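Following is a predicted model, sequence given first.
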Amino acid sequence: MGHHHHHGHSHGHSHGHSHTSNKKALLSSFILIAAFMVVEVIGGFLTNSLALLSDAGHMLSDAAALGLSFFAIKLGERQVSQEKTYGYKRFEIIAAALNGITLVVISLFIFYEAIQRFFAPPEVQSTGMLIISITGLVVNIIAAWILMQGDKDDNLNVRSAFLHVIGDMLGSVGAIIAALLIMFFGWGIADPIASVIVAALILVSGFRVTKDSFHILMEGAPTQIDINQVKSALGRIPLVKEVHDLHIWTITSGYPVLSCHITIADNGVHDEILSQSQRILHDEFHIEHSTIQVERETNGCPSPHGTCN
């Protein structure tokens with residue numbers, strides 16, 4: 001009876017299109033944000049504003065996120081080889097994980113700096129701070145708009161980059177408010193407060209991206225697919241007696257893979273049941289890549305470890 005492998009081609013064109021738009025979106029927002037980050041770092045030192053520097057820290061992580069994501073997509077295009085049978089698609093997830101960890105580290109550093117400033121708020125040049133943070137907000141809005149043209153719902157990498165930019169927008173808003181408070185009320189403490197808020201935002205998005213990417217790296221089942229539903233859908237096919245050894249995992253964002261054994265009644269037709277299974281997986285669960293082993297009931301379980309029950 002043996003194995004049968006199925007690979008769907010119906011998604012080729014649409015996938016290629018979103019792939020190109022992802023690449024363009026990532027590259028243009030990377031250039032935009034990296035350029036402004038340099039401005040913000042210089043501005044942060046000149047105006048002595050931690051809120052600007054923490055926003056620049058966030059922008060640095062953004063630029064790294066976007067650069068890594070772009071690099072990951074480029075690397076993912078490399079051809080599948082004998083050694084790397086899935087090509088380099090996994091690198092995208094590793095990039096997202098590194099990215100998440102970097103965010104967590106940056107946020108902890110900002111918390112530390114802000115605590116020092118609570119006890120001794122330094123002089124901050126509020127006008128310069130205001131001009132730079134307003135510009136930052138505009139840059140982030142443009143970058144977010146560019147990324148929305150990409151495929152942020154299905155691609156973890158583009159989504160993590162998009163989350164960075166949204167967090168960054170909020171960081172710019174925080175810096176604007178702090179600059180206004182310093183300007184009109186002389187509240188120097190507004191600067192470290194804004195920094196702490198930005199750091200908290202960075203921490204949350206960093207933790208989330210890290211958690212999602214580790215789930216994929218640990219071969220966890222995709223969150224959008226319910227294994228029990230898949231099992232019962234396959235079990236409902238006429239003459240299917242049992243579905244076992246069912247595994248679903250993700251190679252990279254939007255690329256779920258399934259393997260399982262299906263036991264069929266002796267009068268079941270192998271090829272018919274196989275094509276029904278693949279149709280169900282494709283239509284109901286959007287799984288394009290499946291390896292299904294079909295075995296007859298009388299032959300029993302072929303697995304030497306008895307994993308069929």
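Sure thing, it's come through.

So which residues make contact with the longest strand seen in the chain?
In the chain, taking DSSP state E as the definition, the longest strand is strand 240-250. Strand 240-250 is contacted by residues 216, 219-222, 225, 227, 230-231, 234-235, 256-265, 268, 273, 287, 293, 297, 303, 307-309 when judged by Cβ atoms under 8 Å, 6 or more residues apart in numbering. C-beta: built from backbone N, CA, C; applies to glycine.

Tell me the strands beside it, with direction?
Sheet pairing here is set by DSSP bridges, and for strand 240-250 it gives strand 256-264 (antiparallel).

CA atoms only for the partner strand, dumped as CSV, please.
Extracted in CSV, the C-alpha atoms of strand 256-264 (Å, rounded to 0.1, in the frame of the first residue of the first chain):
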residue,chain,number,x,y,z
PRO,A,256,1.6,23.7,7.3
VAL,A,257,2.6,20.1,6.7
LEU,A,258,0.7,16.9,7.7
SER,A,259,1.6,13.2,7.9
CYS,A,260,-0.7,10.4,9.1
HIS,A,261,-1.7,6.7,8.7
ILE,A,262,-5.3,5.8,7.6
THR,A,263,-6.6,2.3,8.2
ILE,A,264,-9.3,1.3,5.6
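
Was I right to think Phe71 contacts Ile94?
No. Judged on Cβ atoms under 8 Å, Phe71 makes no contact with Ile94 at a distance of 11.0 Å.

now the contacts of strand 240-250: which count as buried?
By neighbour count, with 16 or more other Cβ atoms under 10 Å, the contacts of strand 240-250 hold 216, 221-222, 225, 230-231, 234, 256-264, 268, 273, 287, 293 as buried.

that older thread, how about the longest strand of the chain: buried residues?
Neighbour counts over strand 240-250 (16+ other Cβ under 10 Å) mark Val240, Glu242, Val243, His244, Leu246, Ile248, Thr250 as buried.

Among those residues, which one sits closest to Ser28?
Of all the buried residues of strand 240-250, Thr250 has the smallest distance to Ser28: 27.6 Å, by Cβ to Cβ.

List the beta-bridge partners for the closest one.
Counting by DSSP bridges, Thr250 is bridged to Pro256.

Tell me the spacing between it and Leu181.
45 Å (Cβ to Cβ, to the nearest Å).

Repeat that for Phe119.
Applying Cβ to Cβ, the value for Phe119 to Leu181 is 19 Å.

And those two? Which one has more around it.
Leu181 (18 against 7; other Cβ atoms under 10 Å).

And the next helix or strand past the host helix or strand of the more buried one?
Following DSSP states H and E, one finds Leu181 within helix 156-185. Per DSSP H and E, the first helix or strand lying C-terminal to helix 156-185 is helix 190-217.

Break this protein into its domains for me.
20-218, 227-296 (the TED database).

Could you look up the next helix or strand downstream of the helix or strand of the chain with the lowest mean pLDDT?
One helix or strand of the chain scores below all others by mean pLDDT, DSSP states H and E: strand 3-7, with a mean of 50. Using DSSP H and E, the helix or strand that follows strand 3-7 in sequence is helix 12-47.

That next one: which residues count as buried?
Neighbour counts over helix 12-47 (16+ other Cβ under 10 Å) mark 18-19, 22-23, 25-30, 32-34, 36-37, 39-41, 43-44, 47 as buried.

now swap in stretch 289-298 and tell me
Across stretch 289-298, burial judged by 16+ other Cβ under 10 Å covers His289, Ser290, Ile292, Gln293, Val294, Glu295.

Could you give the separation of stretch 240-259 from the chain centroid?
Centroid separation for stretch 240-259 versus its chain: 21 Å, with Cα atoms, centre = their mean, to the nearest Å.

how far does that stretch stretch from start to finish?
By Cα to Cα, to the nearest Å, the extent of stretch 240-259 from end to end equals 16 Å.

any idea of the mean pLDDT in it?
For stretch 240-259, mean pLDDT rounds to 86.

ok, the closest residue to Ala200 other than its chain neighbours to Ser54 distance?
Nearest residue to Ala200, sequence neighbours excluded (Cβ to Cβ, 6 or more residues apart in numbering): Ser107, at 7.3 Å. Relative to Ser54, Ser107 is positioned 9 Å away (Cβ to Cβ).

Mutual contacts of the two, please.
With Cβ under 8 Å, 6+ apart, Ser107 and Ser54 have common neighbours Ala199.

the more surrounded of the two?
Neighbours around Ser107 and Ser54, counted as other Cβ under 10 Å, are more numerous at Ser54. The numbers are 31 against 26.

Low-confidence ranges, the protein, go.
Along the chain, segments meeting pLDDT under 70 span 1-19, 79, 85-87, 150-157, 253, 300-309.

try 90 this time
By pLDDT under 90, the low-scoring segments of the chain are 1-133, 136, 139-140, 143-179, 182-227, 239, 249-256, 266-270, 286-289, 296-309.
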